[in-house]
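[1] Need the 3D shape of this:
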Amino acid sequence: MAIKIPPGARASFIAAAISMVVGISGTSRSITALFAPPQAMTRETGEHESVAMSQALDELSNVMIEEQHTPMQRAIIGANAIVSALLFVAGFHLWRRRRNAVWWMTQASLANLVYTAADVAIDIFRMHHSPRLVRALSNWIQVTMAANSSHDNTQVPILSRVDVVTFATFALIIGGVLRSLVHVWIFWRIRRDDVRAFIATPRPSVPPSM
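    Next up is the predicted model:
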């Protein structure tokens, strides 16, 4: 006899699992970034990577690591730890079908959407006001383009600061939109009637073992 899955059960458990996984991941990464001491990155040159590409990537990585330990960036990392922990707690409430699970998930989704918007805005602000970061990013892009064009003998265009900042801004916005889609889906799904009805349904009691 096939087991009948109640309406809203699958969506509830998927949303809960995604929330807890994303929450744990965000919290652990934020705590590591907050308390790990800044260390310069050194890597061995890859098999298909030139020395110039390796040096450019190391320079860009080291600049980004130093940027992470500025007071403004540490504040945004701390905020990420808070909203990620909130997302995990909300997912756990949904997993346990607590009566206030919809409220928790709503607050967690909105908090993470606000955080994502603020994070993208701060990254764009840093890109426009950090000449060293722009220079390192421009150098890495130029070296990578030069390495790729050496195979087909095409001329590498010279990128200006405006080109690099514009490219980085669009990349940050697209990344922020993709990150937001998860929280938008969760916010939309947990507010549907079938999920609300499933959460409100009493959980079946387990008979005591003999």
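[2] Give me the nearest residue to the most centrally placed residue in the chain, chain neighbours excluded.
    Nearest residue to the geometric centre of the chain (Cα atoms, centre = their mean): Arg179, 5.7 Å. Of all residues beyond its chain neighbours, the one nearest Arg179 is Thr116 (5.2 Å), with distances taken as Cβ to Cβ, 6 or more residues apart in numbering. Bear in mind the C-beta positions are built from the backbone N, C-alpha and C, glycine included.
[3] May I ask which helix or strand encompasses that neighbour?
    helix 101-129 (DSSP states H and E).
[4] Show me how far that helix is from its chain's centre.
    Centre-to-centre, helix 101-129 and its host chain are 10 Å apart (Cα atoms, centre = their mean, to the nearest Å).
[5] Compute the inter-axis angle for the helix or strand following that helix and helix 101-129.
    Remark: after helix 101-129, the chain's next helix or strand is helix 131-149, criterion DSSP H and E. Computed by axes from the mean of the first three to the mean of the last three Cα atoms, to 10 degrees, the angle separating helix 131-149 from helix 101-129 equals 90 degrees.
[6] Which strands or helices does helix 131-149 pack on?
    Helices and strands touching helix 131-149, by 3 or more Cβ pairs under 8 Å, 6 or more residues apart in numbering; DSSP states H and E, are helix 51-68, helix 101-129, helix 161-190.
[7] Name the residues of that helix that come out as buried.
    Of the residues in helix 131-149, Leu133, Val134, Ala136, Leu137, Ser138, Asn139, Trp140, Ile141, Gln142, Val143, Thr144, Ala147 count as buried by neighbour count, 16 or more other Cβ atoms under 10 Å.
[8] Also stretch 23-42?
    Using 16+ other Cβ under 10 Å as the test for burial, stretch 23-42 gives Gly23, Gly26, Thr27, Ser30, Ile31, Ala33.
[9] contact partners of that stretch?
    For stretch 23-42, contacts defined as Cβ atoms under 8 Å, 6 or more residues apart in numbering pick out 58, 61-62, 65-66, 68-69, 74, 77-78, 80-81, 83-91, 108.
[10] residues in contact with Ala81?
    Counted by Cβ under 8 Å, 6+ apart, Ala81 has contacts Gly26, Thr27, Ser30, Ile31, Leu34.
[11] Now do the phi/psi pair for it.
    Dihedral angles of Ala81 (phi, psi; degrees, to the nearest 10) stand at phi -60, psi -40.
[12] if I look at it, how far off is Ser25?
    11 Å (Cβ to Cβ, to the nearest Å).
[13] Next: Trp140.
    From Trp140 to Ser25 the distance is 26 Å (Cβ to Cβ).
[14] And for Arg126?
    Between Arg126 and Ser25 the computed distance is 23 Å (Cβ to Cβ).
[15] Look up which helix or strand Gly26 falls in, please.
    Here Gly26 sits within helix 9-35, counting by DSSP H and E.
[16] Confidence-wise, which of the buried residues of stretch 23-42 comes last?
    In this model, the minimum pLDDT among those belongs to Ala33 (83).
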